[in-house]
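> would you be able to build a 3D model of this:
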Amino acid sequence: MNFSNKGNLAEERILELLTEKFQLFTSVFGASDEVLGQIEDGLDFEKNISSILDKCKTAAEIDAAFTELEMKYAKQINREMKKTRAKVFDNLDPKVRDKLKSYDAQTGIVLNAFERLLINVTRHELGSIATFNESGTQFTLRDEPEAGIPTGEYYFKSEPRKGAYQYRYASDLCAWVIDTAKNHATSPARLIFKISGSERATANAKRLRGKRGRLHVEEVSFATKAGSQQLRES
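You can find the predicted model right below:
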């Protein structure tokens, strides 16, 4: 269970333990599921967490219990992660394996779809006050976007850097980025559906000609222009 109840110290520590300390959601191709399964089989990880939730009442007790749990499982996690990564790569086509190793060497990390979107939004919102590396996973924040958010070096999903801040979804800086992006005034757009002349319009779509109602869209493709270059986005 991925706990994410902000304000509940125990659940915050569980999420921190799984994501930041044990990196269970950041391994390649969902290997984290297998890693967690190995840990549960050998060390009864889930019962330990349940015990902390049952017995610890104060913030100090919760913090101390999770610190002890982290130390207890750290070696096991690292060992299982290495074994699982090796297993994943061993079963890949050699050409694919080489490509992935090349990509991993260039960026230092592999991002999932959500993380790539988060980095894109971050670069957009902080573009005028931050300098990013090529992958966008490390950046220098020159000015405070809001009081209390520190300037300096930041890193995302990479090895900790001395004196740098970790950029993560639950951080104040990331919260500011997302809130700012959500609150932008966006200009209205006009969408025209042309049933006639479309080679891809289905019979169901054609039956909607002239009808009114709500439409739920799973995917949309549109053409746009960047300078003199024509682009197509989906």
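> from here on, contacts and neighbour counts on C-alpha atoms
Will do.
> part of a helix, is K225?
No. The assignment for K225, made by DSSP: H, G, I helix; E, B strand; the rest coil, is strand rather than a helix.
> just to check, it is in contact with E233?
No. Checked against CA atoms under 8 Å, the pair K225 and E233 is beyond contact range at 10.4 Å.
> okay, now the domains of this protein?
Domains of the chain are assigned by automatic domain parsing as 9-91, 113-182, 203-233.
> dump the ones you listed to a markdown table, plus mean pLDDT and distance to R190.
A markdown table is the format used below for the domains of the chain (pLDDT from 0 to 100; distance: least, CA to CA, whole Å):
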| stretch | mean pLDDT | distance to R190 |
| --- | --- | --- |
| domain 9-91 | 67 | 39 |
| domain 113-182 | 90 | 20 |
| domain 203-233 | 78 | 12 |
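> out of these, nearest to I192?
Closest to I192 of the domains of the chain, according to CA to CA: domain 203-233, at 11.4 Å.
> endpoints of that closest one, how far apart?
25 Å (CA to CA, to the nearest Å).
> what of stretch 176-191?
Note: stretch 176-191 ends 31 Å apart using CA to CA.
> hmm, who's touching it?
Stretch 176-191 has contacts (CA atoms under 8 Å, 6 or more residues apart in numbering) with 121-122, 125-126, 145-146.
> swap in stretch 115-125?
132, 136-137, 174, 177-178, 180-181.
> coming back round to it: between the contacts of stretch 176-191, which is nearest A203?
For those, the nearest to A203 is V121 (37.8 Å; CA to CA).
> would you list the domains of the chain in TSV and tack on distance to A189 and mean neighbour count?
Formatted as TSV, those follow (distance: least, CA to CA, whole Å; neighbours: other CA atoms under 10 Å):
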stretch	distance to A189	mean neighbour count
domain 9-91	37	15
domain 113-182	17	15
domain 203-233	12	8
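> just put the ones you listed in a markdown table and tack on distance to I195.
Formatted as a markdown table, those follow (distance: least, CA to CA, whole Å):
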| stretch | distance to I195 |
| --- | --- |
| domain 9-91 | 40 |
| domain 113-182 | 32 |
| domain 203-233 | 6 |
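> this protein: helices as residue ranges?
Taking DSSP state H to define them, one finds helices in the chain at 9-16, 31-43, 45-55, 59-90, 94-107, 113-126, 172-182, 203-206.
> need the contact partners of the last one.
Among residues not part of helix 203-206, those counted as contacts by CA under 8 Å, 6+ apart are I195.
> before we move on, back to that, can I get the contacts of stretch 115-125 in TSV with distance to S196?
Converted to TSV, those look like this (distance: CA to CA, whole Å):
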residue	distance to S196
F132	47
G136	44
T137	46
C174	45
V177	42
I178	40
T180	40
A181	37
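> quick check: the two most widely separated of the residues you listed?
T137 and T180 (19.7 Å).
> distance of A170 from I178?
For A170, the distance to I178 - CA to CA - is 11 Å.
> next one: T131
Distance from T131 to I178, by CA to CA: 18 Å.
> do the same with T224
T224 is 24 Å from I178, by CA to CA.
> got it, and K75?
Distance from K75 to I178, by CA to CA: 35 Å.
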